[in-house]
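Student: here is the input, now give the coordinates:
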Amino acid sequence: MRWIVAAVAPLLAAGLLVSIGSPSRSDELVQVDQRAAGVGCAAARSVEPAPAPTGPSWFAVRLGFDHAAGLSQGAGQLVAVLDTGVIEVPAIAGAVRPAIDLLQMPVTDSAIPTAGKATDEADCDGRGTAMAGLIAASRGPGAELPGLARAAQILPIRVTATANDPPEPGVLARGLDAAVAAGATVALVGSAARDDPALLRATVAALDAGVAVVAAAGDGDDQALAFPAGYDGVIAVAATGRQDDPRAVNAVGRVTVAAPGANLLGFGLTGDFVTGLGGSAYAAALVAAAVADLRATHPELTPANLRQRLIATADRPGVAVPDPTVGWGVINPVTALTAPITDAGPTSAPAAAASPAVVVDLPPEAVDNSWSITIAGLLLALAGGIAAVVSGVRRAAQRRWRPATNRPPAEPAAIDPAH
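Tutor: Take a look at the predicted model:
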């Protein structure tokens, strides 16, 4: 929109916008960097706010926020946000649980981390706060930019200080353990890390505990920096633009689904609107919100069921699926919430034996049936003609009609003169 460009221009002039990741389009608005390196969180709050929206944001329209909100708002769901932390800004006031800051805990501590006291420096980057707003914003200014799961609760788990720095796999593993211990129903991982046995163990344990793990697929071309998105069972999310155009991802070939993740509007560290947000972390936040909505409506679904349901109901990208960069397509929250679920009985997998398998009955894809319609019309015309002939023959038989012959006409009978 023109007003977004107008709002961002002064920030570009002031040097307050920097490029994050590896954008695939040069004309794309880059992410607002809300931190000021080396000077703490206070200076990070000096970013000039963007104007309030005058209508629904493009991504809210694309995913059908308003329609989805009439079906589910994620009530009763706890979404653990494993990223840069979360500041409880007015838009998400009352929705944020006490945070777990793993950067303030000794690495050698083997105990499962627990929540600590929230501080004003719980997020010195801003990405985690913006992600939380995409999920659960609904209060104050959040009424103008509500989240997709606006009744859900947020559990902040700080695993990295900045969006540019990938977390240590061991720290991320402890974060997943903490999410499970805190009773999270959805674990959102915004930062991709490298493969590690501890991270794999924690991911599998979270899935086995019934926690749906949604992870950003990464923004670039470093395929080694793609976990836990690259693990089986995880909902790996890539970012797309306004036209569903894909962005670069680290977890290429492992993407499950995609969601809007370019030029997004969200909430900054001061609670004001910020624009130009982009990356797979924000796309993953939208998918995590959709999963929270699904869990609130269908609490019987397992993480595997939820993942399959998102796959089955995604809007196909127009190319062969799964596509290496957008997976099975862009999520469709409304279809995911409304498509029928059939209990097809237990699956062969022992872990899912107690839960119903998900069978999504979708309408058939549109096909070109013009030839079949033409042929059907010809057949109907032919049948009508045959019926007319048969009817005519029957009427003629009733009148004892016979076809004409080439025999000469019979001579008239002689007249008896006596008569």
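
Student: for stretch 235-246, list every residue counted as buried.
Tutor: Taking 16 or more other Cβ atoms under 10 Å as the basis for neighbour counts, the residues of stretch 235-246 that come out buried are I235, A236, V237, A238, A239, T240, G241, D244, P246. For every residue, glycine as well, the C-beta is placed using N, CA and C.

Student: give me the residue ranges of the chain where confidence is low.
Tutor: Under the criterion pLDDT under 70, the flagged ranges of the chain are 1-47, 106-111, 115-121, 342-419.

Student: so which residues of it form strands?
Tutor: Remark: strands of the chain, listed N- to C-terminal, are 78-83, 100-101, 153-158, 186-189, 193-194, 212-216, 225-227, 235-240, 257-260, 264-267, 273-277; assignment by DSSP state E.

Student: any chance of those strands in CSV, with distance to P146 too?
Tutor: CSV is the format used below for the strands of the chain (distance: least, Cβ to Cβ, whole Å):
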stretch, distance to P146
strand 78-83, 15
strand 100-101, 26
strand 153-158, 14
strand 186-189, 18
strand 193-194, 31
strand 212-216, 20
strand 225-227, 31
strand 235-240, 21
strand 257-260, 15
strand 264-267, 11
strand 273-277, 13
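
Student: relative to N250, which of these is closest?
Tutor: Taking Cβ to Cβ as the measure, these were each checked against N250, and strand 225-227 came out nearest at 4.1 Å.

Student: relative to the closest one, what are the paired strands and their orientations?
Tutor: Strands that pair with strand 225-227, judged by DSSP bridges, come out as strand 193-194 (antiparallel).

Student: can you list contacts of the strand it pairs with?
Tutor: Contacts to strand 193-194, defined as Cβ atoms under 8 Å, 6 or more residues apart in numbering, come from residues P166, P167, E168, P169, L172, L199, A224, L225, F227, P228.

Student: run a quick neighbour tally on the last one.
Tutor: Here the number of neighbours of P228 (other Cβ atoms under 10 Å) works out to 31.

Student: if I pick Y282, what's in contact with it?
Tutor: Y282 is in contact with R127, A130, M131, L134, A239, P260, G261, L264, G266, counting by Cβ under 8 Å, 6+ apart.

Student: follow-up on the earlier one: of the contacts of strand 193-194 - the most surrounded one?
Tutor: By neighbour count, taken as other Cβ under 10 Å, the most surrounded of the contacts of strand 193-194 turns out to be P228 (31 neighbours).

Student: ok, it - contacts?
Tutor: L172, L176, V189, A193, L199, L200, T203, V213, A215, V234.

Student: so what's it closest to, chain neighbours aside?
Tutor: T203 (4.5 Å; Cβ to Cβ, 6 or more residues apart in numbering).

Student: how many neighbours does the one you found have?
Tutor: The number of residues packed around T203, counting by other Cβ under 10 Å, is 26.

Student: how is this structure carved up into domains?
Tutor: Here the chain is described, according to automatic domain parsing, as comprising the domains 2-352, 367-401.

Student: spatially, and excluding backbone neighbours, which residue is closest to T162.
Tutor: If you skip the residues right next to it in sequence, T162 has D125 as its closest partner in space, 4.8 Å away by Cβ to Cβ, 6+ apart.

Student: just F267 next, same as before
Tutor: Once chain neighbours are set aside, the closest to F267 by Cβ to Cβ, 6+ apart is G133, at 4.0 Å.

Student: could you check how far F227 is from E144?
Tutor: F227 sits 36 Å away from E144, taking Cβ to Cβ, to the nearest Å as the criterion.

Student: what sits against T160?
Tutor: When contacts are counted by Cβ under 8 Å, 6+ apart, T160 is found next to D83, T84, L103, P166, P167, V171, S191.

Student: 7 Å instead, please
Tutor: Contact criterion Cβ atoms under 7 Å, 6 or more residues apart in numbering gives D83, T84, P166, P167, S191 as the residues in contact with T160.

Student: and the second one, how many neighbours does it have?
Tutor: Counted by other Cβ under 10 Å, the residues lying close to T84 total 32.

Student: tell me, how many residues neighbour the residue nearest to T162?
Tutor: Other residues within reach of D125 by the criterion other Cβ under 10 Å amount to 23.

Student: check P197 too.
Tutor: P197: 10 surrounding residues under other Cβ under 10 Å.

Student: which residues does it contact?
Tutor: Contacts for P197 were tallied using Cβ under 7 Å, 6+ apart; there are none.

Student: returning to that earlier point: how close does the residue nearest to T162 sit to A281?
Tutor: Look at D125 and A281: by Cβ to Cβ, they are 11 Å apart.

Student: kindly report the same for P317.
Tutor: Remark: distance between P317 and A281 (Cβ to Cβ) = 21 Å.

Student: swap in A130?
Tutor: When Cβ to Cβ is the yardstick, A130 and A281 sit 9 Å from each other.

Student: next one: T54
Tutor: Between T54 and A281 the computed distance is 26 Å (Cβ to Cβ).

Student: who has more neighbours, these two?
Tutor: Counted by other Cβ under 10 Å, T54 and A281 do not tie: A281 has more neighbours, with 33 against 8.

Student: okay, now the closest residue to that one other than its chain neighbours: neighbour count?
Tutor: In this structure, A281 finds its nearest non-sequential neighbour in G190, 3.6 Å apart by Cβ to Cβ, 6+ apart. Close neighbours of G190, defined as other Cβ under 10 Å, add up to 28.

Student: regarding G190, what are the backbone dihedral angles?
Tutor: Backbone geometry at G190, expressed as degrees, to the nearest 10, gives phi -90, psi -20.
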